[in-house]
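Novice: Starting from these lines, generate the structure:
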Amino acid sequence: MTEALPGDGIHLSASELIALKPRCNALSLPMKSPAASALAGAYRSRFRGRGVDFVESRNYLPGDDIRNMDWRVTARTGKPHTKIFQEERERPVLVVVDAGPSLYFGTRTRLKSVAAGQFAASCAWAAVRRGDRIGAFLFAPHGHRELRPAGGRRGAMRVIQGLVDWLNPETEHRGFEPLSVSLERVRHAVRPGSLVIIISDFFNLDETCHRHLSRLRQHNDVIGCQVVDPAEEFLPAGRFPISDGEHSAMLDTHQQNSRRRFDEMSTEHGNIPRRMFQRHKCGWMVLKTTDDPVEVLGRELRILVGRGT
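Specialist: I've put the predicted structure just below:
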């Protein structure tokens with residue numbers, strides 16, 4: 001087996017993921033309420049149950065969740081009132097890494113699997129900095145692994161070690177599993193009130209994802225992060241050997257028809273998952289293999305704070 005070289009863009013190492021911690025100290029994952037950035041999504045947290053504290057009652061306003069009506073105060077005053085809750089400081093944050101064979105691809109800077117691992121580790125450090133508990137669901141066609149949320153450095157280190165073990169390019173990566181299988185497992189295992197960050201290239205999206213994403217979103221805040229390589233968005237003119245691991249072919253992008261079909265497929269691959277997540281009022285962002293994952297995360301958080309949310 002090839003020895004993992006820290007920072008080589010092919011392998012993940014615990015040391016490089018631990019080294020992200022100081023850069024993430026200034027980050028704070030969004031907690032609740034209105035948000036208008038790609039990260040937090042244009043939605044108001046709808047979770048009302050475990051993990052929240054009752055604060056007060058106030059007059060009902062259009063758009064308030066009817067499930068939070070304070071019927072006793074309403075009956076006493078004759079005017080509709082709603083309950084106001086404040087979420088507890090600590091909540092579960094779950095990074096869901098969907099690692100199909102297509103994630104082990106990259107033409108610039110790093111493999112998509114490395115970018116996904118670095119982004120997941122950045123989320124972990126940002127979560128524990130805020131005082132949240134961090135856990136992970138790691139999926140691949142050959143199986144899955146659940147790391148239950150834990151607090152502090154111990155929780156972050158468990159996630160980091162899980163990422164290093166799971167996103168190993170030396171492992172044989174074959175087969176196909178729809179993303180809906182992963183989402184269904186997450187939906188049944190996640191605690192209501194969690195922040196769920198789904199990291200994938202979304203080549204395994206299927207229609208059943210709509211149902212699971214909708215139900216997952218009912219009691220949780222959800223963010224989708226699509227990991228892409230620049231070559232998946234644009235190919236220069238030339239002849240390129242391509243393979244799915246079992247079959248090989250030659251792609252000739254000199255031909256106008258081939259280039260047009262590739263451009264159409266690329267656009268569709270970006271639009272379909274984005275529209276799905278936005279339809280269910282989830283956050284959405286894109287991470288390229290040439291991006292700095294910490295900078296991408298920080299940029300979206302600055303947009304969130306700058307809009308006063």
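Novice: only C-alpha atoms for contact and neighbour calcs from this point on.
Specialist: Fine.
Novice: Any idea how far apart the tips of stretch 7-21 sit?
Specialist: In stretch 7-21, first residue to last residue: 15 Å (CA to CA, to the nearest Å).
Novice: quick one: average pLDDT of that stretch?
Specialist: Average pLDDT, stretch 7-21: 92.
Novice: go on, stretch 75-90?
Specialist: Here the average pLDDT along stretch 75-90 is 78.
Novice: And for stretch 141-154?
Specialist: Averaged across stretch 141-154, the pLDDT comes to 92.
Novice: Which residues outside that stretch are in contact with it?
Specialist: 92-94, 100, 128-129, 131-139, 155-156, 158-159, 162, 173-177 (CA atoms under 8 Å, 6 or more residues apart in numbering).
Novice: Got a ChimeraX select line for the buried ones in those?
Specialist: The following ChimeraX command selects only the buried members of the contacts of stretch 141-154, with burial defined by 16 or more other CA atoms under 10 Å:
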select :92,93,94,100,128,129,131,132,133,134,135,136,137,138,139,155,156,158,159,162,173,177
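Novice: Sort out for me which of the contacts of stretch 141-154 are in strands.
Specialist: Judged by DSSP state E, the contacts of stretch 141-154 include 92-94, 133-139 as members of strands.
Novice: Show me which pair in these is furthest apart.
Specialist: Arg133 and Phe139 (20.1 Å; CA to CA).
Novice: For the stretch 1-150 of the chain, which segments count as strands?
Specialist: 52-59, 81-87, 92-98, 133-140, 143-151 (DSSP state E, counting those that start in this stretch).
Novice: Contacts only, for Thr107.
Specialist: If you count contacts by CA under 8 Å, 6+ apart, Thr107 has them with 229-231.
Novice: could you flag which of those residues are buried?
Specialist: Neighbour-count burial within the contacts of Thr107 applies to Asp229; the criterion is 16+ other CA under 10 Å.
Novice: Can I get the contacts of Thr107 in JSON lines including distance to Ala26, secondary structure and pLDDT?
Specialist: Formatted as JSON lines, the contacts of Thr107 follow (distance: CA to CA, whole Å; DSSP: H, G, I helix; E, B strand; the rest coil; pLDDT from 0 to 100):
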{"residue": "Asp229", "distance to Ala26": "27", "secondary structure": "coil", "pLDDT": "95"}
{"residue": "Pro230", "distance to Ala26": "29", "secondary structure": "helix", "pLDDT": "92"}
{"residue": "Ala231", "distance to Ala26": "32", "secondary structure": "helix", "pLDDT": "87"}
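Novice: what about Pro273, which SS state?
Specialist: Here Pro273 is helix, with the state taken from DSSP: H, G, I helix; E, B strand; the rest coil.
Novice: Quick check: it touching Leu205?
Specialist: Yes. In this structure, Pro273 is within contact of Leu205 by CA atoms under 8 Å, at 7.4 Å.
Novice: residues in contact with His269?
Specialist: Taking CA under 8 Å, 6+ apart as the test, what His269 contacts is 202-203.
Novice: now it: how far from Asp98?
Specialist: 16 Å.
Novice: Just to check, Phe139 is in contact with Leu103?
Specialist: No. Contact between Phe139 and Leu103 fails when scored by CA under 8 Å: they sit 11.6 Å apart.
Novice: And the helices in the stretch 51-200 of the chain, which stretches?
Specialist: Per DSSP state H, counting those that start in this stretch, the stretch 51-200 of the chain carries helices over the ranges 71-77, 112-130, 152-166, 179-189.
Novice: Now distance to Arg261 too, for those helices, in JSON lines please.
Specialist: Listed next are those as JSON lines, based on distance: least, CA to CA, whole Å:
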{"stretch": "helix 71-77", "distance to Arg261": "58"}
{"stretch": "helix 112-130", "distance to Arg261": "23"}
{"stretch": "helix 152-166", "distance to Arg261": "34"}
{"stretch": "helix 179-189", "distance to Arg261": "25"}
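Novice: of those, which approaches Leu297 most closely?
Specialist: Across the helices of the stretch 51-200 of the chain, closest to Leu297 is helix 112-130 (CA to CA), at 7.9 Å.
Novice: what about the closest one, distance to the chain center?
Specialist: 10 Å (CA atoms, centre = their mean, to the nearest Å).
Novice: what's the angle from it to helix 152-166?
Specialist: In terms of direction (axes from the mean of the first three to the mean of the last three CA atoms, to 10 degrees), helix 112-130 departs from helix 152-166 by 170 degrees.
Novice: May I have helix 112-130 exported as CSV, CA atoms only?
Specialist: C-alpha atoms of helix 112-130 as CSV (Å, rounded to 0.1, in the frame of the first residue of the first chain):
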residue,chain,number,x,y,z
LYS,A,112,-12.6,15.6,-4.8
SER,A,113,-12.3,13.1,-1.9
VAL,A,114,-9.6,15.2,-0.3
ALA,A,115,-11.6,18.5,-0.8
ALA,A,116,-14.6,16.8,0.8
GLY,A,117,-12.6,15.6,3.7
GLN,A,118,-11.0,19.0,4.3
PHE,A,119,-14.4,20.7,4.2
ALA,A,120,-15.9,18.2,6.6
ALA,A,121,-13.0,18.7,9.0
SER,A,122,-13.5,22.4,8.8
CYS,A,123,-17.1,22.0,9.7
ALA,A,124,-16.1,19.8,12.6
TRP,A,125,-13.7,22.4,14.1
ALA,A,126,-16.2,25.2,13.6
ALA,A,127,-18.9,23.1,15.4
VAL,A,128,-16.8,22.3,18.5
ARG,A,129,-15.6,25.9,18.6
ARG,A,130,-19.2,27.0,19.0
